[in-house]
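K.L.:
I need the structure of the sequence given here:
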Amino acid sequence: MNPSLSPNPIDDLQQLFTYPFMVNALEAGTIVAVLAGLVGWYVVLRRQTFASHTLSVMAFPGAAGAALAGLPTALGYYVACTAAALAIGRGSRTGRPGRAQGGESAVIGTVQTVGLALGFLFLSLNQAVLGGPETLLFGTFLGITRGQVLTLALVAVAALGALAGLARPLLFASVDREVARASGVPVVLLDGLFLLILGLAIAATSQLTGALLVFALLVAPPAAAQRLTARPLAGLVLTVVLALVTVWLGLAIAYFSIYPVGFYVSTIAFVVYVLARVISSRPPHRPPHGPPHRPPHLGRHH
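P.N.:
I've put the predicted structure just below:
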C-alpha cells in the first residue's frame, strides 16, 4: 500500500477510515490527546515540564527493556514511567520550601541519566530492537491493535478519574503552594499522586508519539491555551481542542508520508504554540479615532 494525495480531498479523508489500523490509530490518538492535554495543563501550571520530560525519557528504557525480556513494549512503558514517578516523588520530598526545587531537580536529573543509560544498554543487548529504534523514540501509528486502544481507554478513564478527584485541591496547591499548605491541603501527597497520574499519561502517549516526542504533545497545547486564557475551565477545554487538532493533523499527514507521526505531531504542536504567542502578544484593539478624549469640564467657569 502506497497512499498518496489525490485532487479530491473527500477521497483522501475517506482513505483514513478505510483500513482498520488507521481507525485504531485515530481512536488511540483521540484518547491520547484528551489525556495528555488535561494532565499537561496542570504540568504547565505547576511548572513541572522538567519532570514530564524525564518521565517521557523513561518510556525509552521501559520499552527497550520489555522487548529484551520478550514482554509487550506497552507494559514496559507503564512500569518504567510509574517507577520513575515514584522515585521522583519520594526523592524530592522535603519540609523546607527553600530547598524543594533544588532537591527535586537533582533527583529528576539523576533519574533521567540512569534511564537513558539503561535504555541504550538494553538496545545494545537486543539486536532485534536495534533494527528499528526510531519506533521507540519517534513513534508510529502502524500496528496499533484494538486491544491497545481498549487498554488506552481504560488507563485514560482511570487517570482522568483520579485527576478529577484531585482537581480542586491540586489547582489550589498549584497556584499558591504555601497558602494551600497552611490551609491544611496535603500538598506533598498531592505531588506524589499527580506524578503517578503524569506517569500513566506519558506511558499512554508514548505508544503513539514515541518516547522523545511525547513532551511536545504534553506541553505545547496546554502552554498555548494558557497563553490565550487564564480561566481554568476555558483553558482546559481549549487545551483539549488544540491537542486533538494536533494529533489528528499529525496522523493524517503521516498517513500520506514516509516520516514518523511523532515528527508531524511535534511540528504542528510547535506551530500552535508560536501562533498562540503571536496572538497573545498583540496589543489590545483601540478605537479607530484614537484614545478617548477627556470629557469637557461641566462645572462653573472661573
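
K.L.:
drop to CA atoms for contacts and neighbour counts, all remaining ones
P.N.:
Fine.

K.L.:
In CSV, list the C-alpha atoms belonging to the strand or helix carrying Tyr264.
P.N.:
Here Tyr264, judged by DSSP states H and E, is contained in helix 261-280. Extracted in CSV, the C-alpha atoms of helix 261-280 (Å, rounded to 0.1, in the frame of the first residue of the first chain):
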residue,chain,number,x,y,z
VAL,A,261,4.0,10.5,13.1
GLY,A,262,6.0,12.0,16.1
PHE,A,263,7.7,14.4,13.7
TYR,A,264,4.5,15.8,12.5
VAL,A,265,2.8,15.9,15.9
SER,A,266,5.8,17.8,17.4
THR,A,267,6.0,20.2,14.4
ILE,A,268,2.3,21.0,14.5
ALA,A,269,2.4,21.5,18.3
PHE,A,270,5.3,23.9,17.9
VAL,A,271,3.4,25.9,15.3
VAL,A,272,0.3,26.0,17.5
TYR,A,273,2.3,27.4,20.4
VAL,A,274,4.0,30.0,18.2
LEU,A,275,0.7,31.2,16.9
ALA,A,276,-0.7,31.4,20.5
ARG,A,277,2.3,33.6,21.5
VAL,A,278,1.8,35.8,18.5
ILE,A,279,-2.0,36.2,19.2
SER,A,280,-1.5,36.8,22.9
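
K.L.:
Contacts made by that helix with the rest, please.
P.N.:
138-141, 208-210, 213-214, 216-217, 220-221, 223-225, 227-228, 242-243, 246-247, 249-251, 253-254 (C-alpha atoms under 8 Å, 6 or more residues apart in numbering).

K.L.:
now the helix or strand harbouring Asn24: how far from the chain's centre is it?
P.N.:
Taking DSSP H and E as the definition, Asn24 sits inside helix 20-45. Chain-centre distance of helix 20-45: 8 Å, with C-alpha atoms, centre = their mean, to the nearest Å.

K.L.:
For it, buried residues please.
P.N.:
Neighbour-count burial for helix 20-45, with 16 or more other C-alpha atoms under 10 Å as criterion, is recorded at 21-45.

K.L.:
which stretches of the stretch 1-150 of the chain have low pLDDT?
P.N.:
1-2, 4, 6, 91-104, 127-142 (pLDDT under 70).

K.L.:
try 50 this time
P.N.:
95-100, 130-131 (pLDDT under 50).

K.L.:
Now do the helices in it.
P.N.:
Using DSSP state H, counting those that start in this stretch, the helices found in the stretch 1-150 of the chain span residues 9-15, 20-45, 49-68, 73-91, 97-125, 127-130, 133-138, 146-175.

K.L.:
Which one of the ones you listed lies nearest to Ala201?
P.N.:
Closest to Ala201 of these is helix 20-45 (C-alpha to C-alpha; 5.9 Å).

K.L.:
could you check the angle helix 49-68 makes with that closest one?
P.N.:
Between the axes of helix 20-45 and helix 49-68, defined by axes from the mean of the first three to the mean of the last three C-alpha atoms, to 10 degrees, the angle is 150 degrees.

K.L.:
So which elements touch helix 20-45?
P.N.:
Secondary-structure packing of helix 20-45 (3 or more C-alpha pairs under 8 Å, 6 or more residues apart in numbering; DSSP states H and E): helix 146-175, helix 187-209, helix 214-228, helix 232-255.

K.L.:
Gly29 and Ala80, how far apart?
P.N.:
21 Å (C-alpha to C-alpha, to the nearest Å).
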